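S.K.: please work out how this folds:
(one chain, ligands or ions: 1)
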Amino acid sequence: MNQKRIKICIAGAGLAGLSTAVFLKKNDAENLFEIDLVESSPKLGGRAYSFVDRDSGLTLDNGQHILAGWYSATLEFLKICNSQFQLNFQKKLEINFYNTEKKYFKLSCPKIFSPLNLFIGILKFDALGLKDKLRFLKIRKLINREAYSPDYLKKINVSDLLFELKQTENNIRYFWEPFLLAVFNCKTDEINADVFMNVLIEGFSGNGKSNLLIPDKDLNSLFINNAINFLSDNAVEIKLNKRIEEIFKNNQGNFNVKFNSGESNEYSIMINAASFFRLNEIKLNFECDLPKLKTSSIISVHLIFKEYIPEEILKNNSFGMTGLIGTNTQWIFKKSERHLSLVISGADFIEHNGKKLIDLDKEEIIKMCTNDLKNCLSGFDTLEISDSKVIKEKRATFIPNIDSINERKKCNSNIENYYFCGDWAETDLPSTIEAAIRNGKKISEKILKNFYK
Ligand SMILES: Cc1cc2nc3c(=O)[nH]c(=O)nc-3n(C[C@H](O)[C@H](O)[C@H](O)COP(=O)(O)OP(=O)(O)OC[C@H]3O[C@@H](n4cnc5c(N)ncnc54)[C@H](O)[C@@H]3O)c2cc1C
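M.R.: Below you'll find the predicted structure:
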């Protein structure tokens, strides 16, 4: 093989950048690609990572991440890295809820083809009355794409759509709000109906696609450690603590990339997988639109207890996950016998004692969460907390509002051999792991097609 090797720079080792490197090397039969994966921070994973907490000694995630059966590119990535065994696959879609009257509800969808599984689950869901259930069935209209064309959906938001579909207050409170906040992390009237529809289509696209997948281990064990092994076996150079400051296209059509350390390298292909909210920090010598996307926050709370959490307090805890209705704390995950992880999405607009949740201090957040858990779970007030950790991710996701559609589209780079990569780019999905990894896969396929004809 005399062919000259092709030097590729990937800026940013979040899941988009990391997966692009993995997909490229997996299919690089002739070892054509010499890849540098360059990350400004001291760690890989971007917005999905774990760390060792000095106080408790536990490995904690920066936020609970949930996957779904329709995360096809993510599953492929995990398989290449031999990490798929670290996921718990639900056999059927099942979610437990408690409300502030300590009442328990279970949404349990039978193991049959979708969307019939969801309709049957809803018909049996105790939180809803007969009128609510009949109104829920109106979403069948959505599945008929002729009734709701993509052009129409791109112009409206999900609250308009739910109004048109005559969804009841109960349907919104017990089904739509928990689901929408968990997937989109913003207000219902900020979610564009077409992005929402894309998620429904994916979730309804076959058996098991709407089932949830919950990581069995921490995020580094699932996404990062085995990927690093795969990349080092394939001679990908991972450069940590190196921020890319400039990308200049030169007369040969290559890219001169300058790092904060002062050094620079030349590459034939440039994949810009830096976070969407930091793209403007990189200086370019060519015209390129950047996306203007609104961000939204997620607060994660880890509670460590002195003693084991008795079985009866979270006895209906399927796959370690329980939803709370009517409280600011939305989800509880039982990570171990003494460790609960709590999720609060929408922290920029939900308020507590007149303050936005994101502006509360650690003590106020812990107090609010423990009150929420006491209000919903019988016996919780007997538990004693030995340690706690609050993590505020202020730019956890982008808001998939109507404007975001054009912002994402306009950034398709027309510069030869220059690609944008990330959860925001190209896919029309919300800000998720799957959007990031699916985009990484797409870009690797484009590059492979150019060199392996
Ligand atoms: C708390 C929380 C909970 C979440 N929950 C879920 C969930 O349940 N399910 C789900 O699917 N998704 C969830 N997400 C969203 C998911 O984590 C993101 O969509 C995904 O990780 C984005 O990956 P990315 O590679 O596109 O971007 P990023 O993760 O932002 O990666 C970009 C990387 O680029 C680096 N970088 C930036 N500038 C430079 C530069 N100049 N030079 C070099 N490197 C640079 C950054 O340091 C970063 O590592 C959650 C996110 C958070 C924060």
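
S.K.: quick check on the residue of the stretch 51-200 of the chain found nearest the ligand: phi, psi?
M.R.: As assessed by C-beta to the nearest ligand atom, the ligand sits closest to Gly63 within the stretch 51-200 of the chain, at 2.2 Å. Using the backbone N, CA and C atoms, a C-beta is placed for each residue, glycine as well. Backbone torsions for Gly63, taken as degrees, to the nearest 10, come to phi -180, psi 140.

S.K.: list the buried ones in the longest helix anywhere in the chain?
M.R.: Ranked by residue count under DSSP state H, the longest helix found in the chain is helix 433-451. Of the residues in helix 433-451, 433-444, 447-448 count as buried by neighbour count, 16 or more other C-beta atoms under 10 Å.

S.K.: up against the ligand, what does the stretch 1-150 of the chain have?
M.R.: For the stretch 1-150 of the chain, the residues in contact with the ligand under the definition C-beta under 6 Å from any ligand atom are 11-17, 38-41, 46-48, 62-63, 65-66.

S.K.: if any of these are buried, put those into a PyMOL selection.
M.R.: Command for PyMOL that selects the buried part of those, burial taken from 16+ other C-beta under 10 Å:
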select buried, resi 11+12+13+14+15+16+17+38+39+40+46+47+48+62+63+65+66
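
S.K.: among the residues of the stretch 1-150 of the chain next to the ligand, which lie within strands?
M.R.: In this view, those that belong to strands under DSSP state E are 11, 38.

S.K.: show me what contacts Ser341?
M.R.: Contacts of Ser341 were listed using C-beta atoms under 8 Å, 6 or more residues apart in numbering, and they are 60-61, 64, 300-303, 332-333, 335.

S.K.: swap the cut-off to 6 Å and go again
M.R.: Ser341 makes contact with 64, 302, 333, 335, according to C-beta atoms under 6 Å, 6 or more residues apart in numbering.

S.K.: give me the buried positions along stretch 160-173.
M.R.: Of the residues in stretch 160-173, 161-162, 165, 167-168, 170-173 count as buried by neighbour count, 16+ other C-beta under 10 Å.

S.K.: can you check stretch 57-75 too?
M.R.: 58, 60-71, 73-75.

S.K.: kindly report the same for stretch 257-265.
M.R.: For stretch 257-265, using 16+ other C-beta under 10 Å, the buried residues are 257-259.

S.K.: residues contacting that stretch, please?
M.R.: Taking contacts as C-beta under 6 Å, 6+ apart, the residues outside stretch 257-265 that touch it are 9, 242-247, 256.

S.K.: recalculate using a threshold of 10 Å.
M.R.: 7, 9, 11, 36, 38, 40, 239, 241-248, 255-256, 266-267, 270, 282-283 (C-beta atoms under 10 Å, 6 or more residues apart in numbering).

S.K.: just the buried residues of the residues you listed.
M.R.: With burial judged by 16+ other C-beta under 10 Å, the buried subset of the contacts of stretch 257-265 is 7, 9, 11, 36, 38, 40, 239, 242-245, 247, 255-256, 267, 270, 282.

S.K.: hmm, the longest helix of the chain in reach of the ligand?
M.R.: Yes: contact between helix 433-451 and the ligand, assessed by C-beta under 6 Å from any ligand atom, occurs at 433-434, 436.

S.K.: pLDDT added to these, as TSV?
M.R.: Putting the residues of helix 433-451 next to the ligand into TSV (pLDDT from 0 to 100) gives the following:
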residue	pLDDT
Ile433	98
Glu434	98
Ala436	98
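
S.K.: residue ranges with poor pLDDT in the stretch 351-453 of the chain?
M.R.: 412-413 (pLDDT under 70).

S.K.: show me where it has strands.
M.R.: 351-352, 355-356, 385-398, 418-420 (DSSP state E, counting those that start in this stretch).

S.K.: on that earlier part again, in strands, which of the contacts of stretch 257-265 fall?
M.R.: Per DSSP E, those map to strands at 7, 9, 11, 36, 38, 239, 244-248, 255-256, 266-267, 270, 283.

S.K.: the buried residues of stretch 160-173 in helices, which ones?
M.R.: Using DSSP H, the subset of these located in helices is 161-162, 170-171.

S.K.: out of those, who's nearest Leu180?
M.R.: Within the set of those, Leu162 lies nearest Leu180; the separation is 9.1 Å, counting by C-beta to C-beta.

S.K.: excluding its backbone neighbours, what's nearest the closest one?
M.R.: Residue nearest to Leu162 in three dimensions, not counting chain neighbours: Trp176, with 6.1 Å by C-beta to C-beta, 6 or more residues apart in numbering.

S.K.: repeat for Cys9
M.R.: Closest to Cys9 by C-beta to C-beta, 6+ apart is Tyr267, at 4.1 Å.

S.K.: the one you found and Asn254 touch, don't they?
M.R.: Yes: in this structure Tyr267 lies within contact range of Asn254 using C-beta atoms under 10 Å: 6.4 Å.

S.K.: list the residues that contact both of those two?
M.R.: 7, 417.

S.K.: hmm, who's touching stretch 358-367?
M.R.: Stretch 358-367 is contacted by residues 296-299, 301, 303, 328-329, 342, 344, 346-353, 355, 357, 368, 385, 388-394 when judged by C-beta under 10 Å, 6+ apart.

S.K.: again, but for stretch 243-254
M.R.: Against stretch 243-254 from outside (C-beta under 10 Å, 6+ apart): 7, 9-12, 38-41, 255-262, 264, 266-270, 272, 274, 278, 281-286, 288, 415-418.

S.K.: and the end-to-end length of it?
M.R.: 19 Å (C-alpha to C-alpha, to the nearest Å).

S.K.: does it reach the ligand?
M.R.: Yes: judged by C-beta under 6 Å from any ligand atom, stretch 243-254 and the ligand are in contact via 243-244.

S.K.: so for that stretch, what's the average pLDDT?
M.R.: Taken as a whole, stretch 243-254 has an average pLDDT of 97.

S.K.: starting at the chain centroid, how far to that stretch?
M.R.: 31 Å (C-alpha atoms, centre = their mean, to the nearest Å).

S.K.: do stretch 419-432 as well
M.R.: Computed by C-alpha atoms, centre = their mean, the chain-centroid distance of stretch 419-432 equals 11 Å.

S.K.: burial measure for the nearest residue to Leu340 once chain neighbours are set aside, as a count.
M.R.: Using C-beta to C-beta, 6+ apart and skipping the chain neighbours, the partner closest in space to Leu340 is Leu303 (4.8 Å). By the criterion of other C-beta atoms under 10 Å, Leu303 has 23 neighbours.

S.K.: cool, and Tyr104?
M.R.: Tyr104 has 17 neighbouring residues, counting by other C-beta under 10 Å.
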